[in-house]
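Any chance you could fold what I've pasted below:
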Amino acid sequence: MSSFVPRELKLARRILRRLSWPDRIALFLVVLYILYKIVEAFKIKPPAAGLITFLFVIADIYFFFRLLPFIRKRLLWRLRNRLIVAYLFIAVVPVILLLTMAAITLYLLYAQLGAHLLHDALQERTKQIEAASRAITAAAEDEASRSAATAASDPAKILQRPEVTAVLAGEANDLPGLAVEVQPNANLIQPDPNGERGRRLFTGLVDANGSLWLRCVSIVHAPRTHFPISLSVPFDSAMLDSLNTELGPIQFNVMQQDLSNSATPHFTLEIYGNKYAFAREIRSRNRSLGEASRWLDPPLSGALTLEAFRVENSKAAPQKEPVVAGFSVRPSRLNQRLFASLGELGPLLTFILEISAIVFILIEVGALITGVVLTHRITSAVADLYDATVFVSRGDFTHRIRVAKRDQLGVLGDSFNAMTTSITNLLDEQAKRQRLENEIAIAREVQSQLFPQAIPEIEGVQLTAICRAARTVSGDYYDFIPLGPNRVGIALADISGKGISAALLMASVQAALRGQAQLGGGTADLVARVNQHLFHNTSDDRYATLFYAIYDSSTHVLEYTNAGHCAPVFVDGDKTLKLETGGTVVGLFDEAEYTSERIQTAPNSLLVAFSDGLSEPENAYGEEYGTDRLAAEVLRYQSERIQKLAERLIDSSAQWNSGPLQADDMTVLVARLHTLGATFSTTITTSSNAQQIETA
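Take a look at the predicted model:
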C-alpha cells in the first residue's frame, strides 16, 4: 500500500496539470457541491444553496461535452463496450423513460384529482350560499309585499325583519361571517337558468374593498319596486380551514392586472390574453399534510385557476381577474379517495403495485447482466471477422474463418468465407461494367454529332432547340436541314423506347431523313419514303413518330406532315393552331399514306414542336401537363427571344413533374417565321452536347 498511494498521487498531479482553467473551475464547482451536500446532511442550511446547485448543473453539462470526445475515442472503440452502451439505450433507457412517464402521469392524475376535490369543496360552499340567498330573497319578497311602502323607501329595513335574520342565523355555522346587504351594483347578476319567474342570480368570488368574498347577488321583486341584495362570506383563512376535503394546506393568490404603482417587482402570468401579477395571498392556518403512510408517500403540489370579479365601486363595471388556488396533498390520502369504493382491498392493491415495480427492476438488472455475458461471445466472433478483413485488405482471399458453433454467428462466418470466394467474380463484373460505361460514353459522344451543329442561315427565320435526355443517350431527334437559300427543313422525331436501342434507331432516322430531303418533293412524299426505309431496315416492333415541315421564306408558306407525333403549336398573334395533318407513325406499316398541309404565315409567327416528354409529366394529383398548358405558356412568352421561350417551356414542364426523376426525353423546337429585320443569334442546347453552338 505504501507504494500504491504515491503512484495515485502522481497520477492525480499529472491529470491536474493537463486540465485547462475552465476544467479546474468546473471541478471546483463539483467539489463545492459535494461539500454543500455533506453540510446539508448535518441539518445545516448553507447560504446560496440554489446558486450552488445551479453552478453544479452547469459544471456537469460542461464536463459532459468536454469528456464526450474521450468517451467516443477510448471507451466506445471496443465493440464490447459499444454493445453494452447499445443495450443500455435499447433496454435500460426506454424503461427509465417509461418509469419517468408513469411518474409524470401519476403526478398529473393526483394533481387533477386534488384540483377536482378543491373545486367540489368550493362548489359545496357556493350551493350553500345560493340556497341561503334564495331563502332570504323569498322571505324579503313576502315581507315587501306586506310592507310595499317601506320596501320602496328603505329596502334595507326589509332585511332587518325576523324572517330574514332567522335564515342568517341558520347558516351561521356553515358560512361564518355571512352578511346580507342591499347591493346597489347589479352588474354582476346574470340570468339564472334554474330560477323561477325570471329571477336572476350571480354567485362567485368577488374582490372588493381589498378582500376576497364569496358572494351571491339576487333581485328582490316587490309590488312597486325591486332591488338587488347580496349575501357575502369573507374568503379568508377560516373559510379555507372549513373546506371539507382531503387536501392539506391551501392557499389562494389573488391576481391583478395593473400593479404599475407598486414599488416592488412582481412575477407575472399571462391569463385571458393579459398579464397578471400576484397581488395578495390567502393561506389556510389549521390544515396539515399529515405523516407519510409509507416510504413512497411524498407531498405533491397542484393548482387550478378560478375566476373572480373585481368591484371598485357601485357604479363601475366589474372586471374579471384570475385567482390561482394552490394546494398540497399526500398521494396516500388521495388513494383513500380513489379506492374508497374498494374498501379494504384498496391498500392491498397499492402494495401489490409497489411489489410488482420492485420485481420489474430486479428483472431488468438480471437482463442487463445477461446482456453483458452474451456480449463476450458476440465480440469474439466479431474479432475473428475483423482479423479476416485485415487479410482481405491485403489482397489475400484464401484466409478462412474458423466456425466453432452452428448458430447465426457461425453462419455469418460461413457467409464471409463464401464472400471471399466470390470477390474475384465481382471484380470481373466490375471490369465488364466499366467497359460498358465506356461504350455508353462513346455512344453519347457519337449521338451528339447527329444533332445539327449549326443553324441554317435563312432570311426571316429564327430557329432554336433544346433536348434534355432522360438517360445518358436520348431517343428524341431534331434537325434543321438547309434546302436552298430560302428554304429550310424542320424535323422532330420521337423514337420508340429509350437508351441505346432508341439512339441506334435515331441514327437510322437521321440518315434516312437527310438522304430523302436532298431528293426534293413535298413533306408527305418525304415522310412516306422515310417510312418505307425504316419498315424494311428495322425490326417489326421498332417505329418512330415524326413531324417534318418545310418553310419557304420567299413565299412565307409553311408545309408540314405529322406522322403520329405530338401536334406542334402554331401561334399567329393571339391565335393557336395544332398541326395534326399527316398520318400514322413511320416504320410500322409498309403502305402507310401521308398528307400535308400548307399554312400562309403572318409576320412573327411561331412554330413550337415538342416531344411527349414535355407534355406528359404528371403532378402530385395525377394531372398531365398537357398541350393546353404548353400553348398557354407559348402565348404568355411569345414576345421573348426564342431561346428564352424554349427554356421557359422546359422549366415549366419540369416544375410540373412531381416525380424525383425525369421519366422521358424532353425536346422542344421553336421557330419564329416571317420575321421582320435581321436574323437573331440562335442557340442549340442538348443534354449530350454540353457546349453551346451559336451562329449569327
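
how many other residues sit next to residue 95?
Residues lying near residue 95 (other C-beta atoms under 10 Å) number 13. For the C-beta atoms, the positions are set from N, CA and C on the backbone; glycine is no exception.

List the residues that contact it.
residue 364 (C-beta atoms under 8 Å, 6 or more residues apart in numbering).

Need the three-state assignment for it.
helix (DSSP: H, G, I helix; E, B strand; the rest coil).

where does it land on pLDDT?
Note for residue 95: predicted pLDDT of 80.

before we move on, what about residue 221?
78.

distance of residue 432 from residue 425?
11 Å (C-beta to C-beta, to the nearest Å).

can you list the residues that contact stretch 642-658?
462-466, 468, 606, 608, 610, 614-615, 617-620, 625, 629-630, 633-634, 637-638, 640, 662-663, 666, 668-672, 680, 682-683.

Quick check: ChimeraX command selecting the buried ones in those.
Applying 16 or more other C-beta atoms under 10 Å to the contacts of stretch 642-658, the buried members can be selected in ChimeraX as follows:
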select :462,463,464,465,466,468,606,608,610,614,615,617,625,629,630,633,634,637,638,662,666,668,669,670,671,672,682,683
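
Let's see which of the contacts of stretch 642-658 end up in strands.
462-466, 468, 606, 608, 610, 666, 668-672, 682-683 (DSSP state E).

in the chain, which residue is closest to the centre?
residue 620 (19.9 Å; C-alpha atoms, centre = their mean).

Could I get the CA-only coordinates of stretch 107-115 as CSV?
Taking Å, rounded to 0.1, in the frame of the first residue of the first chain, the C-alpha atoms of stretch 107-115 are listed here in CSV:
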residue,chain,number,x,y,z
TYR,A,107,-48.4,13.3,-10.7
LEU,A,108,-50.9,14.8,-13.3
LEU,A,109,-53.5,12.3,-12.1
TYR,A,110,-53.1,13.2,-8.5
ALA,A,111,-52.9,16.9,-9.3
GLN,A,112,-56.1,16.7,-11.3
LEU,A,113,-57.8,14.7,-8.5
GLY,A,114,-56.7,17.3,-5.9
ALA,A,115,-57.9,20.1,-8.1
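
Quick one: residues in contact with that stretch.
By C-beta under 8 Å, 6+ apart, stretch 107-115 touches 247, 300-304, 327, 329, 331, 334, 337-338.

Could you export these as TSV, including distance to residue 586, secondary structure and neighbour count?
Compiled in TSV, these are given as follows (distance: C-beta to C-beta, whole Å; DSSP: H, G, I helix; E, B strand; the rest coil; neighbours: other C-beta atoms under 10 Å):
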residue	distance to residue 586	secondary structure	neighbour count
247	92	coil	23
300	86	strand	19
301	86	strand	14
302	84	strand	21
303	84	strand	14
304	83	strand	17
327	89	strand	25
329	90	strand	26
331	87	helix	23
334	87	helix	19
337	90	helix	16
338	86	helix	15
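
now for those residues, which pair is the farthest apart?
303 and 338 (20.0 Å; C-beta to C-beta).

on that earlier part again, next, show the common contact partners of residue 432 and residue 425.
In contact with both residue 432 and residue 425: no residue, using C-beta under 8 Å, 6+ apart.

Go through stretch 351-369 and flag the buried ones.
Buried, per 16+ other C-beta under 10 Å, within stretch 351-369: nothing.

mean confidence score for that stretch?
79.

Could you give the separation of that stretch from the chain centroid?
How far stretch 351-369 lies from its chain's middle: 37 Å, per C-alpha atoms, centre = their mean, to the nearest Å.

Please put the alpha-carbon coordinates of that stretch into CSV.
The C-alpha coordinates for stretch 351-369 follow below in CSV (Å, rounded to 0.1, in the frame of the first residue of the first chain):
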residue,chain,number,x,y,z
PHE,A,351,-49.0,-2.8,-2.1
ILE,A,352,-49.2,-5.3,-5.0
LEU,A,353,-48.3,-2.5,-7.4
GLU,A,354,-45.2,-1.5,-5.4
ILE,A,355,-44.0,-5.1,-5.2
SER,A,356,-44.5,-5.5,-8.9
ALA,A,357,-42.3,-2.4,-9.6
ILE,A,358,-39.5,-3.9,-7.4
VAL,A,359,-39.7,-7.2,-9.2
PHE,A,360,-39.6,-5.5,-12.5
ILE,A,361,-36.5,-3.6,-11.6
LEU,A,362,-34.8,-6.8,-10.4
ILE,A,363,-35.7,-8.5,-13.7
GLU,A,364,-34.2,-5.5,-15.6
VAL,A,365,-30.9,-5.8,-13.7
GLY,A,366,-30.8,-9.5,-14.4
ALA,A,367,-31.4,-8.9,-18.1
LEU,A,368,-28.5,-6.3,-18.1
ILE,A,369,-26.1,-8.9,-16.6
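
Give me the average confidence score over the one helix or strand residue 437 maps to.
Residue 437 is part of helix 408-448, with elements assigned from DSSP states H and E. Averaging pLDDT along helix 408-448 gives 76.

Could you do stretch 468-479 as well?
80.

What are the buried residues along that stretch?
468-479.

With secondary structure and distance to residue 67 added, can I get the residues you listed in TSV?
Output for the buried residues of stretch 468-479, formatted as TSV (DSSP: H, G, I helix; E, B strand; the rest coil; distance: C-beta to C-beta, whole Å):
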residue	secondary structure	distance to residue 67
468	strand	54
469	coil	54
470	coil	53
471	coil	52
472	coil	51
473	coil	56
474	coil	58
475	coil	60
476	strand	61
477	strand	66
478	strand	65
479	strand	70
